[in-house]
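Novice: sequence? don't have it. structure:
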C-alpha cells in the first residue's frame with residue numbers, strides 16, 4: 001500500500017489535489033538541468049534528515065523519506081519560480097499528507113500480523129511456491145528452501161523463506177515489521193535454531209529453522 005503513494009499524485013480524494021503539480025512538473029526538468037548541484041543537495045539533505053528523524057524500527061522509513069524528498073523538491077522548485085507563498089502552502093499540505101500516510105500505514109500493520117502472514121502463505125501454497133508437509137511424512141524430496149514442516153503444534157521454516165514469501169505475497173507490508181510483530185506476540189521464534197530433519201530413509205538433513213506456532217495459520221482455516 002505505501003509504495004503506491006510515494007509521490008504526491010493529484011488524486012481527487014487527496015489533499016494534495018490542490019497542489020500546483022502540473023505547473024511544477026512541466027518546469028522541473030528545466031530547473032534541474034540548470035541547477036543540478038542544488039537539486040542533488042536538496043535531495044540528499046531532505047532524505048538524510050527524514051531518515052534521521054524516524055525511529056529505526058519504523059517500518060516505513062524509506063517511504064516516508066521519499067515523500068519528504070518529493071515535498072522538498074516541490075518547495076525548492078516553487079521558490080525558484082518565485083512563488084514563496086505557494087511553496088509554504090505546499091510544504092504544509094505535503095507534511096500533513098506525510099503524517100497521514102504514516103498513521104494510516106501504522107494502523108494497517110496493527111490490524112493483524114497473523115492474518116497478513118496467513119494470507120501470504122496461503123497464496124504461496126496456491127501458487128505452488130511452498131509445500132506444507134507433516135514431519136512424519138518427510139521423504140528425500142524435502143527442500144528447506146520450499147517446504148514448511150508441521151511438527152506437533154508448530155511449523156518449522158527457514159527465515160529467508162519467510163521473508164521472501166512476505167515480500168512476494170504481502171507487498172503492501174514491511175516483511176521485517178510483520179516478523180517483528182509475530183515475535184513480540186511470541187508466535188514466532190526470535191532466532192533460527194539448528195534442526196535435524198529426519199527423512200524416511202533414516203538419514204537427516206541439517207537446517208537452521210524458525211519455529212512458528214500452528215495457531216498463526218489454523219485460526220483462519222475456516223475462512224479460506
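Specialist: Nice, I can see it. Because the structure is predicted, anything quoted here is derived from the model rather than measured.
Novice: from here on, contacts and neighbour counts on C-alpha atoms
Specialist: Will do.
Novice: and the pLDDT at residue 97?
Specialist: On the pLDDT scale, residue 97 is placed at 86.
Novice: so what secondary structure elements neighbour whichever strand or helix holds it?
Specialist: Here residue 97 sits within helix 84-110, counting by DSSP states H and E. With contacts defined as 3 or more C-alpha pairs under 8 Å, 6 or more residues apart in numbering; DSSP states H and E, helix 84-110 has these neighbours: helix 61-80.
Novice: and the angle from the helix holding residue 97 to helix 61-80?
Specialist: 170 degrees (axes from the mean of the first three to the mean of the last three C-alpha atoms, to 10 degrees).
Novice: check which residues of helix 84-110 are buried.
Specialist: 86-87, 90-91, 93-94, 97-98, 101-102, 105, 109 (16 or more other C-alpha atoms under 10 Å).
Novice: and the end-to-end length of stretch 190-203?
Specialist: Its first and final residues considered, stretch 190-203 spans 28 Å by C-alpha to C-alpha, to the nearest Å.
Novice: and the lengthiest strand in the chain, what's buried?
Specialist: Scanning the chain for the strand with the most residues, using DSSP state E, yields strand 204-213. Going by neighbour count (16+ other C-alpha under 10 Å), the buried part of strand 204-213 is 207, 209-213.
Novice: using a markdown table, lay out the residues you listed together with pLDDT.
Specialist: Below are those laid out as a markdown table (pLDDT from 0 to 100):
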| residue | pLDDT |
| --- | --- |
| 207 | 89 |
| 209 | 95 |
| 210 | 94 |
| 211 | 94 |
| 212 | 95 |
| 213 | 92 |
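Novice: quick check: the residue positioned nearest the centre of the chain vs residue 164, distance?
Specialist: By C-alpha atoms, centre = their mean, the mean C-alpha position of the chain lies nearest to residue 174, the distance being 2.4 Å. Going from residue 174 to residue 164 by C-alpha to C-alpha gives 11 Å.
Novice: likewise for residue 121?
Specialist: 11 Å.
Novice: who has more neighbours, the two?
Specialist: Neighbour count, other C-alpha atoms under 10 Å: between residue 121 and residue 164, residue 121 has more, with 23 against 12.
Novice: after the longest strand of the chain, next one along is what?
Specialist: Per DSSP H and E, strand 204-213 leads on to helix 215-218 as the next helix or strand towards the C-terminus.
Novice: check what contacts that following helix and list those residues.
Specialist: 114-115, 117-118, 153, 187 (C-alpha atoms under 8 Å, 6 or more residues apart in numbering).
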